[in-house]
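K.L.:
This is a predicted model, with the sequence first.
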Amino acid sequence: MTRWRVERSWYAQAMGLPLATHLLTVRLNVALGAPAPSLVQLGPWYVLIAVFVVRLINPLSGPLGEGPGWRGFAEPRLQANRSPLLASLILALLVASWHLPL
């Protein structure tokens, strides 16, 4: 776990790219007329500690439980009689429709 397997710049990009994408979407949202977000919308700072503790107690309650379910359970069964591309497209449609109500 402590041995660097790739250059450090790749780790920086892996951590920085989601942040940059989030900042870009916030700027685009504001540019299209939405009000600018504020820290008040996040609630008190101690809520972050509560969320962290809940994730430690039950780490599969969020997206960590979805990935193995979709990719680990559904995808091999779809690939049993379909090409990997077609199976991934079907799975993408299922995942998108699952999250559509959000």
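P.N.:
Done, it's in. All values derive from a computational prediction rather than experimental measurement.
K.L.:
C-alpha from now on. contacts and neighbour counts both.
P.N.:
OK.
K.L.:
low-scoring stretches of the protein, by residue?
P.N.:
Scanning the chain for pLDDT under 70 picks out the ranges 1-2, 59-64, 102.
K.L.:
can you pull the buried residues of the helix of greatest length in the chain?
P.N.:
The helix that spans the most residues within the chain, counting by DSSP state H, is helix 8-31. Within helix 8-31, the residues that count as buried by 16 or more other CA atoms under 10 Å are Val26.
K.L.:
Would you mind pulling the contact partners of it?
P.N.:
Ala36, Pro37 (CA atoms under 8 Å, 6 or more residues apart in numbering).
K.L.:
what residues go with each domain of the chain?
P.N.:
Domain assignment for the chain by automatic domain parsing gives 1-37, 39-102.
K.L.:
re the thing from before, centre of the chain to the longest helix of the chain, how far?
P.N.:
Here helix 8-31 is found 13 Å from its chain centre; the criterion is CA atoms, centre = their mean, to the nearest Å.
K.L.:
Which SSE is immediately downstream of that helix?
P.N.:
Using DSSP states H and E, the helix or strand that follows helix 8-31 in sequence is helix 46-57.
K.L.:
Now do that next one: distance to the chain's middle.
P.N.:
That offset, for helix 46-57, works out to 18 Å (CA atoms, centre = their mean).
K.L.:
Counting neighbours, which bits of that helix end up buried?
P.N.:
Buried residues in helix 46-57, counted by 16+ other CA under 10 Å: none are found.
K.L.:
Grab the CA positions of it and hand them over as PDB.
P.N.:
Extracted C-alpha coordinates of helix 46-57, given in PDB (Å, rounded to 0.1, in the frame of the first residue of the first chain):
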ATOM      1  CA  TYR A  46     -19.900  18.700  12.600                       C
ATOM      2  CA  VAL A  47     -22.300  17.000  10.200                       C
ATOM      3  CA  LEU A  48     -19.200  16.000   8.100                       C
ATOM      4  CA  ILE A  49     -17.900  14.100  11.200                       C
ATOM      5  CA  ALA A  50     -21.200  12.300  11.500                       C
ATOM      6  CA  VAL A  51     -21.200  11.300   7.800                       C
ATOM      7  CA  PHE A  52     -17.600  10.100   8.100                       C
ATOM      8  CA  VAL A  53     -18.500   8.000  11.200                       C
ATOM      9  CA  VAL A  54     -21.600   6.500   9.400                       C
ATOM     10  CA  ARG A  55     -19.400   5.600   6.400                       C
ATOM     11  CA  LEU A  56     -16.900   3.900   8.700                       C
ATOM     12  CA  ILE A  57     -19.700   1.800  10.400                       C
END
